[in-house]
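Engineer: pasting the structure only:
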């Protein structure tokens, strides 16, 4: 079994990185496909997938906040104009 480092991220996801070939795989310099965790390393950061997910959520939240506030502003302006026109017609 070839040896791998396990990186345990703050989000609890685990990623593996190659560390060393086992004896049979070292002859052909190609990992054997069987993974043996040599050492587990704690990583204080989020994994790449979770970092990307947080960016998407923040971006979506910002976009939703700005579009909802601009649409309510537009409705308020249209309503004010509509009332002003109705008042002038009476």
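Structural biologist: Structure received. Source: prediction; values computed, not measured.

Engineer: Without its sequence neighbours, what residue ends up closest to residue 15?
Structural biologist: Residue nearest to residue 15 in three dimensions, not counting chain neighbours: residue 7, with 4.8 Å by C-beta to C-beta, 6 or more residues apart in numbering. (C-beta placed from N, C-alpha, C; glycine too.)

Engineer: what about the one you found, is that helix, strand or coil?
Structural biologist: Residue 7 falls in the strand class when you classify it by DSSP: H, G, I helix; E, B strand; the rest coil.

Engineer: quick one, what contacts it?
Structural biologist: If you count contacts by C-beta atoms under 8 Å, 6 or more residues apart in numbering, residue 7 has them with 14-17, 40-41, 43.

Engineer: do residue 36 as well
Structural biologist: 1-4, 22.

Engineer: Would you give the sheet partners of the helix or strand hosting it, along with the direction of each?
Structural biologist: Taking DSSP states H and E as the criterion, the element that holds residue 36 is strand 35-42. For strand 35-42, the paired strands and their directions (DSSP bridges) read strand 2-8 (parallel).

Engineer: tell me the domain ranges of this structure?
Structural biologist: According to automatic domain parsing, the chain comprises the domains 2-42, 47-90.

Engineer: From residue 42, how far out is residue 19?
Structural biologist: The gap separating residue 19 from residue 42 is 16 Å, by C-beta to C-beta, to the nearest Å.

Engineer: Neighbour count: those two, which is higher?
Structural biologist: Under the neighbour definition other C-beta atoms under 10 Å, residue 19 and residue 42 were set side by side, and residue 19 has more, 14 against 9.

Engineer: So that one is in contact with residue 3, correct?
Structural biologist: Yes: Residue 19 is within contact range of residue 3, at 4.4 Å (criterion: C-beta atoms under 8 Å).

Engineer: okay, and the common contacts of those two?
Structural biologist: What both residue 19 and residue 3 touch, as defined by C-beta under 8 Å, 6+ apart, is the set residue 38.
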